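K.L.:
I'd like to go over a predicted model; first the sequence, then the structure.
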Amino acid sequence: MRLSRSAKVILGVVTVLVFLFIYGPLLLVVVNSFNADRTFGWPPRGLTLEWWGRAFDSSGVREALVSSLWVAAVSTIISLVLGTLLALALLRYKFFGRDVISLLVILPIALPGIVTGIALNNMFTTILGVSLSLWTVVIAHATFCMVTVFNNVIARLRRMQGGLEEASADLGAGVFTTFRLVTFPQLRSALLAGGLLAFALSFDEIIVTTFTIGAGDTTLPIWILQNLFRPNQAPVVNVVAVVLIVVSIVPIWLAQRLSEDSVGIGAVRVKGSKG
Amino acid sequence: MALQSQQPAPGAPSVASAVPRPKANKVSALLHRSPRLRLAGLITAPAGWLVLVYIAALAALLITAFWTVDTFTGKVSTAWTTDNLVTVVTDPVYQRITLRTLWIAFAVTVIDLILALPMAFFIAKVASARWQKLLVVAVLMPLWASYLVKAYAWRNVLADGGLLEWLGAPLGLQSPGYSETAVILTLSYIWLPFMILPIYAGFDRVPDSLLEASSDLGAKPLATVRLVVFPLLVPSIIAGTIFTFSLSLGDYITAQIVGGTTQMLGTVVYANVGAANNLPFAAAVSLVPIAIITLYLFIVRRTGALNSL
């Protein structure tokens, strides 16, 4: 198909405009984090570093950050273990119920976040009578983070040659030794990519967290939501938002570089849990 | 291969001692002999987690929708009743909220489709290979910036005297302020990459040779798009609409941040879990988006879109 020059130009212009639409609002948050005027009128009348200073001094932000990091780390570890086991089982063995389980792992991200959130909230509070805490958040996050590890590991396993593992067994290595010395080294970068995605997903998650967190606890997204509507805190929220933009882009960029498996649709599908 | 080519470092244990014999480990030997045991060892923990945590929670949600809350004690009463479900379906208030949520999800999907199609086409078929990679990353990056930050960014854009008002003033346009329109705009913004990426992948899978053949046979670009590209693209487009539609349907945070008084199904669920402390009713309301999405998935199942998710 030979497109005319003008058709190409029009398509190019549309693409540029859509990118402006995508990045404009994010840039505005960055600019407003330096905006001296706390109502965010445009154009800004003056620039200041005051909000950045206040954000770094805020103990609320620090505590929320520590909780977020802890929740993301524990959920990532759990989802690394469970996701890897599941990928190995589903790819290497044929068994009754295999299709059901491969659907099950996707379900927590295929349904809207509010469904996952209220289902777990209801189970913890009404059915089990467990009081909500950071641990219930971890359980919820691990449930939908598992799929990022699973997707990365299963994609890598599909491309791995089984011969190496057979050779290892033939040479007398036991099941665990083969995993440690042969399978694991080949999975390492896929695990790192999947783990980073899981970490970022948990770190950013808001809806499921809202429904599973205890009254006294905050994660960073919860802190943002609580302070969003307070006029005095709004400029500090801008600073935290800028930090979040940067912090969430770094692991994703790393994950993209580490594993070609995690590019594109897999990542989109995983991110689908966040609504 | 990697194992064989490894040279033991000086002073390191020899290969023979690094690889224990099977007899040295009874569990390992047992697992080696029995594939069933190996499978059980692998599958028990993850499948157990998914069933005990997630499926149990979904089942409990369904059951809870048939319970009620005692208005005096605030405790959940486990007497079976369909009152909640009947209220959700027949009360005009909830009918209106359901229709509004459906409208918002539909509008978001259409806007994203209109924005994504030309852009995805440009990235997949017009841009050079080098630019293509860069542009895909540029689409992906904001996808990972927090949902909350993006909704908040629009609160900034739409603020009184904010950027949108300033941009619109010379053109005589007004900012929609915090309203239903703002919700549609913001959700379109947040979910746009979810539409661009599947459609981009769809365009990318259409071989260039097919396009050339079509043009060699005399088809104009528009005819090629209509007769060759579009039919191949349908599953990708539907995959994109599943994301934008389903994610909008369950939203309540964007509605809170930029929606003013706009109520969506998610808002009702949230209010009933928190302030109203009526989990059974919240459960009943949450069955509405589940039912709508299930119905939509059932309709599009035959197009093969589910495989390109």
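P.N.:
That came through fine. Numbers count the residues shown, from 1 in each chain, chains lettered A, B, ... in the order given.
K.L.:
measure B:Val51 to chain A for me?
P.N.:
Distance, B:Val51 to chain A, by Cβ to the nearest Cβ, to the nearest Å: 7 Å. Where you see a C-beta, it was placed from the backbone N, CA and C, and this is true even at glycine.
K.L.:
once you drop chain neighbours, what's closest to that residue?
P.N.:
Distances taken as Cβ to Cβ, 6 or more residues apart in numbering or on different chains put A:Leu104 closest to B:Val51, at 7.4 Å, once the chain neighbours are dropped.
K.L.:
tally of neighbours for that neighbour?
P.N.:
Counted by other Cβ atoms under 10 Å in any protein chain shown, the residues lying close to A:Leu104 total 20.
K.L.:
and what of A:Asn32?
P.N.:
Number of residues near A:Asn32 (other Cβ under 10 Å) recorded here: 29.
K.L.:
same check on the one 4 residues further on?
P.N.:
A:Ala36 has 13 neighbours, counted by other Cβ under 10 Å.
K.L.:
report the buried residues of the lengthiest helix in chain A.
P.N.:
The residue-count maximum for a helix in chain A (DSSP state H) belongs to helix A:59-92. Buried residues in helix A:59-92, defined by neighbour count with 16 or more other Cβ atoms under 10 Å in any protein chain shown: A:61, A:64-65, A:67-68, A:71-72, A:74-76, A:78-91.
K.L.:
could you give the mean pLDDT of that helix?
P.N.:
Helix A:59-92 shows a mean pLDDT of 93.
K.L.:
wait, does it contact chain B?
P.N.:
Yes: Helix A:59-92 comes into contact with chain B (Cβ under 8 Å from any Cβ of the partner chain), by way of A:Val81, A:Leu82, A:Gly83, A:Leu85, A:Leu86, A:Leu88, A:Ala89, A:Arg92.
K.L.:
which other helices and strands does that helix contact?
P.N.:
When contacts are defined as 3 or more Cβ pairs under 8 Å, 6 or more residues apart in numbering or on different chains; DSSP states H and E, helix A:59-92 packs onto helix A:98-104, helix A:134-159, helix A:184-204, helix A:220-227, helix B:35-49.
K.L.:
tell me which of these is the most buried.
P.N.:
Comparing the helices and strands packed on helix A:59-92 by mean neighbour count (mean count of other Cβ atoms under 10 Å in any protein chain shown), helix A:134-159 ranks first with a mean of 24.
K.L.:
before we move on, the earlier item: just put the residues of helix A:59-92 next to chain B in TSV and tack on distance to B:Gly172.
P.N.:
Formatted as TSV, those follow (distance: Cβ to Cβ, whole Å):
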residue	distance to B:Gly172
A:Val81	59
A:Leu82	57
A:Gly83	54
A:Leu85	61
A:Leu86	58
A:Leu88	63
A:Ala89	63
A:Arg92	65
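K.L.:
need the pLDDT of B:Thr101.
P.N.:
95.
K.L.:
how near is it to A:Val208?
P.N.:
Distance, B:Thr101 to A:Val208, using Cβ to Cβ, to the nearest Å: 19 Å.
K.L.:
over to A:Leu104?
P.N.:
A:Leu104 sits 17 Å away from A:Val208, taking Cβ to Cβ as the criterion.
K.L.:
what angle separates the longest helix of chain A from helix A:134-159?
P.N.:
Angle, helix A:59-92 to helix A:134-159, by axes from the mean of the first three to the mean of the last three Cα atoms, to 10 degrees: 40 degrees.
K.L.:
what angle sits between helix A:59-92 and helix B:35-49?
P.N.:
Using the same axes, to 10 degrees: helix A:59-92 against helix B:35-49 is 150 degrees.
K.L.:
quick one, helix A:59-92 and helix A:220-227 angle?
P.N.:
For helix A:59-92 against helix A:220-227, the angle by the same axes, to 10 degrees is 140 degrees.
K.L.:
how far does helix A:59-92 sit from the chain's center?
P.N.:
10 Å (Cα atoms, centre = their mean, to the nearest Å).
K.L.:
ok, the residue of the stretch 101-250 of chain A found nearest chain B - contacts?
P.N.:
As assessed by Cβ to the nearest Cβ, chain B sits closest to A:Pro112 within the stretch 101-250 of chain A, at 2.4 Å. Going by Cβ atoms under 8 Å, 6 or more residues apart in numbering or on different chains, A:Pro112 touches A:Gly275, B:Ser246, B:Leu247, B:Leu249, B:Gly250, B:Asp251, B:Gly266, B:Pro289, B:Ile293.
K.L.:
name the spans of chain B whose pLDDT lies under the cut-off.
P.N.:
B:1-24, B:143-145, B:304-309 (pLDDT under 70).
K.L.:
phi and psi next, for the residue of it found nearest chain A.
P.N.:
Closest approach between chain B and chain A, counting by Cβ to the nearest Cβ: B:Gly250, at 2.4 Å. B:Gly250 adopts backbone torsions of phi -100, psi 0, taken as degrees, to the nearest 10.
K.L.:
which residues touch it?
P.N.:
By Cβ under 8 Å, 6+ apart, the neighbours of B:Gly250 are A:Leu111, A:Pro112, A:Gly113, A:Ile114, A:Val115, A:Ile207, A:Gly275, B:Leu265, B:Gly266, B:Pro289.
K.L.:
with respect to pLDDT, which of those residues ranks lowest?
P.N.:
Lowest in pLDDT among the contacts of B:Gly250 is A:Gly275, which has 32.
K.L.:
and B:Asp204, how many neighbours does it have?
P.N.:
Counted with other Cβ under 10 Å, residues neighbouring B:Asp204 total 16.
K.L.:
which strands or helices does the host helix or strand of it pack on?
P.N.:
Assessed by DSSP states H and E, B:Asp204 sits inside helix B:180-205. Applying 3+ Cβ pairs under 8 Å, 6+ apart, we find helix B:180-205 packed against helix A:5-32, helix A:265-271, helix B:92-121, helix B:129-144, helix B:147-158, helix B:230-249, helix B:253-258.
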